[in-house]
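Colleague: let me see the structure of the following:
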Amino acid sequence: MNEITTIRNEVKYRQWSEMIQSRCASGMTVVDWCAENGINPKTYYYRLKCLRKATVEVMESQDIVPLSSVPETNDSSEHIELICGNVKISLPDNFKNDTLKRVMEIILC
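Modeller: Numbers count the residues shown, from 1 in each chain. Coordinates of the predicted model:
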């Protein structure tokens, strides 16, 4: 495709996409929305089909980049310190609330 055809298609697809989004945002059925906006439902569905096809073509042309996950570490620089007399308890910041309540109940008994 030459540059002018590409730009023309992009503009056309953008307009069609706005039309589809407008219909979806209206909450109306396709038939009712088309009647209100003077568009033949067959035209609406044709444009929807073309947009879907173009989207699939773009997705298929994209390279798939593998991702690797970073393992979570339990080492946290932030922590909670509980000091009661000579007893010092250090807990990670992501310590569960229920368990913290039980520890507090034991300490305060």
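Colleague: show me which helix runs longest in the protein.
Modeller: Of all segments of type helix in the chain, defined using DSSP state H, the longest is helix 3-26.
Colleague: in it, what's buried?
Modeller: Buried residues in helix 3-26, counting neighbours by 16 or more other C-beta atoms under 10 Å, are found at Trp16, Met19, Arg23. C-betas here are computed from N, CA, C, even on glycine.
Colleague: pLDDT weak spots in this structure?
Modeller: 1, 67-78, 82, 84-87, 100, 103-109 (pLDDT under 70).
Colleague: restrict the longest helix of the chain to CA atoms and write it as PDB.
Modeller: Taking only C-alpha atoms (Å, rounded to 0.1, in the frame of the first residue of the first chain), the coordinates of helix 3-26 have been written out as PDB:
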ATOM      1  CA  GLU A   3       1.300   6.200   1.900                       C
ATOM      2  CA  ILE A   4      -1.800   8.000   0.800                       C
ATOM      3  CA  THR A   5      -3.900   4.800   0.900                       C
ATOM      4  CA  THR A   6      -2.500   3.900   4.300                       C
ATOM      5  CA  ILE A   7      -3.500   7.400   5.700                       C
ATOM      6  CA  ARG A   8      -6.900   7.200   4.000                       C
ATOM      7  CA  ASN A   9      -7.500   3.800   5.600                       C
ATOM      8  CA  GLU A  10      -6.400   5.000   9.100                       C
ATOM      9  CA  VAL A  11      -8.800   7.900   8.900                       C
ATOM     10  CA  LYS A  12     -11.600   5.700   7.700                       C
ATOM     11  CA  TYR A  13     -11.000   3.100  10.500                       C
ATOM     12  CA  ARG A  14     -10.800   5.900  13.100                       C
ATOM     13  CA  GLN A  15     -14.200   7.200  12.000                       C
ATOM     14  CA  TRP A  16     -15.700   3.700  12.000                       C
ATOM     15  CA  SER A  17     -14.200   3.000  15.400                       C
ATOM     16  CA  GLU A  18     -15.800   6.200  16.700                       C
ATOM     17  CA  MET A  19     -19.100   5.100  15.200                       C
ATOM     18  CA  ILE A  20     -18.900   1.700  17.000                       C
ATOM     19  CA  GLN A  21     -17.900   3.300  20.300                       C
ATOM     20  CA  SER A  22     -20.700   5.800  20.000                       C
ATOM     21  CA  ARG A  23     -23.200   3.000  19.500                       C
ATOM     22  CA  CYS A  24     -21.800   1.000  22.400                       C
ATOM     23  CA  ALA A  25     -21.800   4.000  24.700                       C
ATOM     24  CA  SER A  26     -25.400   4.800  23.800                       C
END
